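> Okay, here's the prediction I keep looking at, along with the sequence it came from:
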Amino acid sequence: MSVVLEVQRLTKGFTMHHLNSHLAAFSDVSFDLHAGEFLLLKGHNGAGKSTLLRTLYRSYLAQSGQALFHSQYGVIDLLRAADVDLALLRRSEIGFVTQFLVARPRVSAEALVAEPLRRAGRDAASAREEARHWLNAFGVKQSLWRAYPTTFSGGEQQKVNLARALILPQKLLLLDEPTASLDAGARAALVARLAELKSNGTAMIGVFHHPDDVAHLIDRVIDLTP
Amino acid sequence: MTITLDAPRLVKTKALLSIRNVSKSYGSVAAVRDVSATAYPGEVLGIVGESGSGKSTLLRMMNLEEIPDCGDYTLDLPEVSGNLFELDRFERRMLCAKRIGIVYQNPHLGLLMDHTSSGNVAERLLVAGERRFGELRARAQEALAASEFPLDRLDDPPRDLSGGMQQRVQLAKAIALEPALLLLDEPTTGLDVSVQALVLDTLKRLQQERQITMVLVSHDLGVIRTLADRVMVMRRGQVVEAGLVDQIFQDPQHPYTQQLVHAKL
Amino acid sequence: MSLSSLTKPWQPMSYGFLDASAKREIRRKMLKAVAVPGCQMPYASREVPMARGWGTGGLQVSLTLINPKTCVKVIDQGADDSVNAASIRRFLADVSGAPTTLDTLQADLIQSRHRIPEEKLAAHQTLVLQVPNPEPLRSVQPNMSIARQMHADADYGRMWLQLYEQIVRSGRVMQGASYPAMVNGRHVMTPSPIPRWDVPKLHMAQHLTILSAGREKRIFAVPPFTRVEPLVFDDVPYKVEDHGDLTCNRSGARGFFMNEIPLPDGSSTHEISDSDYGVKTIRARDGETVEMGATWYNNGQMEDAQ
């Protein structure tokens, strides 16, 4: 299988100017990831599992190292790619699934889920059709599809969030505890969708509180405990 | 120790807006010092900073209302080339009328308060040369409808409207000609929270439907977070930090940005 | 050789009242105005023995153009016999020795307030219009420095907006007299407070029109065969006053611009505004042989421009 991501000596810490202190998260992490591979990040709380995901997604800026991503446009270092390049990759090749939905006022659940498709150039009608399919798959009640998720319960919000994050097949998917606060049905739907994406070649890096849910998908484990 | 970013390699399209090394002083006060900025087609560039940080001056430069002491400015549009700060008054006016829309925080700057709302929108079309009354009226209505302005108040003068409505008229005027660049100077500051959300929602929808490149100036981090793709943080006339919006909010690097983000309610 | 042979005999004033340098300045400004049709040229505007606002701008132009052979006609609101018209006419004759006339066809120089005669003017004739407010942008831009920049940039969006607003609010363009017009496709001018009826007469006319504002110190011009187009939307046609069907109750002339005369019973009747044309019509009716010139309007309809 082809290489998707080569991470070399990745180091990240936080400088907190108001405390005049530096907090190291992890250092010198190296690994390769191939298409269709599922990598589980392990380590105790505060070992930097989520930080690593966010550093690769560039919500955090790394201190040193390299993360060479093999995109359809060529190889690019995610740590140093220009902001616009990264925005482009986020639209088309790199997905990030968090525990939290970023809902916007006055945007319906189905519009929110359809948004990644719309940004990728899909027409409004078919994007909405597919959004409804996934809302249904994750068990969001039909009566809620056109409602505003800002007022949903945590569990319902998370379902909308997953539908949105997983609607568009990506080359690289970063999963930050997606199963937290999910009921059994939604969890099963999530695992099924992940398996489907994986078999279609999506490479994944995940952080799970209860890795048992996805045990059969895991190819490799990296322990970040120093 | 932080990594320096490369120049864009994947994105091949040229930046729509590119402003390089501009500085402007008023007497001994340096309002803007050696600032550069780019905005790519369809992108929303946010500029945050406190009052007096130079963010509004920079926006006025983008609208060619203000000419800096040095630096240059290009827009990737077929009808213009070279440094736009060197255009004469007439060319500047035509470019602004046809391709650049602006929404000011203070509606008095952008609107004729005693004219009709539809007339305020029509004026832009008139400057661009439209001479059919029916067409003016139809297009003014269309732009006002797109900004979710109630059409039964079409011909009310802005002075009779609420703040949120006035901003909608400004927005309709700004988008009436499908501008290539939309400049927003604190578009929701001073509005009630519910009205603020409505205006933001309208902006977001317009951005998604029409792919208008926007530059948004605000001291309200929530507004920036909702709308912007990339952010520049300004302080005392300089850019202290720039990056993707989530990075600036989650992993701010500069002491000032950290202070700003931590101060957010 | 004696002193008297080297000097001119004493005269109480210069020929044509204005001194040579004043006339020279006005001539130069008129030439500039003709060169840039519709563009306002500033001039010094001297004192004349008449109060500002009573036609001093027109008078200065007439005094500059006049010579002993110039046949002069002066009208005020279409009438030759109003006090103001008569005074100016007599003054012009006194200071220049020029002959005067009431007949539009005989005149070489016509100074007018608020009207253009109904008979067509010919290439050898000059029309001088008195202008109270030369700046068409004044109502939209009170700052004259900015207004001049707007003229320079042909920035007339606000003028158009004013028309838009009038149609929206009143259902029609309310502008009556001084209807703004685009001259030669470049400068918007106010054609002095002539009625809408008269504006089309300036379009591609054979004669030269000089417009002069004495108080505001501006001269502008419409040279012969120059486009003068009232500002109108493509889909809202220009309308002149509804006088086409009115008949003059004294002369029986019909289809010209009329003055409305109120009657004691509350109704009203009409009289032709161009008094000389009315007089001619009456004479012709009474069997006299009079030369009636071709008119711009026939049966109340403006004929198409050349």
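Here it is on my side, so go on.
> Now do the residue lying closest to B:Gly52 once chain neighbours are set aside against B:Arg93, distance only.
Take B:Gly52 and drop its neighbours on the chain: the residue closest to it by C-beta to C-beta, 6 or more residues apart in numbering or on different chains is B:Arg236, 7.8 Å away. Where C-beta positions appear, they are placed from N, C-alpha and C, glycine not excepted. Distance from B:Arg236 to B:Arg93, counting by C-beta to C-beta, to the nearest Å: 32 Å.
> One more: A:Val140?
52 Å.
> just A:Ser126 next, same as before
Per C-beta to C-beta, A:Ser126 is found 43 Å from B:Arg93.
> Which one's more surrounded, the two?
B:Arg93 (18 against 11; other C-beta atoms under 10 Å in any protein chain shown).
> which of the residues in the helix or strand hosting that one are buried?
Assigned by DSSP states H and E, B:Arg93 belongs to helix B:89-99. Of all the residues in helix B:89-99, those buried under the rule 16 or more other C-beta atoms under 10 Å in any protein chain shown are B:Arg92, B:Arg93, B:Met94, B:Leu95, B:Cys96, B:Ala97, B:Lys98, B:Arg99.
> Any regions of the chain where pLDDT drops low?
All of this is about chain A. Along chain A, segments meeting pLDDT under 70 span A:1.
> ah, no, chain C please
Counting by pLDDT under 70, chain C contains low-confidence residues at C:304-306.
> Run a quick neighbour tally on C:Leu3.
Using other C-beta under 10 Å: C:Leu3 sits among 6 other residues.
> Kindly report the same for C:Trp10.
C:Trp10: 5 neighbours (other C-beta under 10 Å).
> quick one: it is in a helix?
No. According to DSSP: H, G, I helix; E, B strand; the rest coil, C:Trp10 belongs to no helix; its state is coil.
> That one and C:Ser4: what is the separation?
Distance from C:Trp10 to C:Ser4, by C-beta to C-beta: 10 Å.
> that older thread, which other residues reach whichever helix or strand comes after the helix holding B:Arg93?
Next in sequence after helix B:89-99, counting helices and strands by DSSP H and E, comes strand B:100-103. Strand B:100-103 is contacted by residues B:59, B:62-64, B:110, B:167, B:170-171, B:173-177, B:179-185, B:187 when judged by C-beta atoms under 8 Å, 6 or more residues apart in numbering or on different chains.
> at 7 Å what do you get?
B:63, B:110, B:167, B:170-171, B:174-175, B:179, B:181-185, B:187 (C-beta atoms under 7 Å, 6 or more residues apart in numbering or on different chains).
> and what of stretch B:148-156?
Contact with stretch B:148-156 is made by B:Thr116, B:Ser117, B:Ser118, B:Gln141, B:Leu144, B:Ala145, B:Met165, B:Arg168, B:Val169, B:Ala172, B:Thr202, C:Val168, as judged by C-beta under 7 Å, 6+ apart.
> which of these has the weakest pLDDT?
Lowest pLDDT of the contacts of stretch B:148-156: B:Thr202, 82.
> List the contacts of it.
B:Ser147, B:Glu148, B:Leu171.
> rerun at 6 Å
B:Ser147, B:Glu148 (C-beta atoms under 6 Å, 6 or more residues apart in numbering or on different chains).
> so which helix or strand takes in it?
Counting by DSSP H and E, B:Thr202 is part of helix B:193-210.
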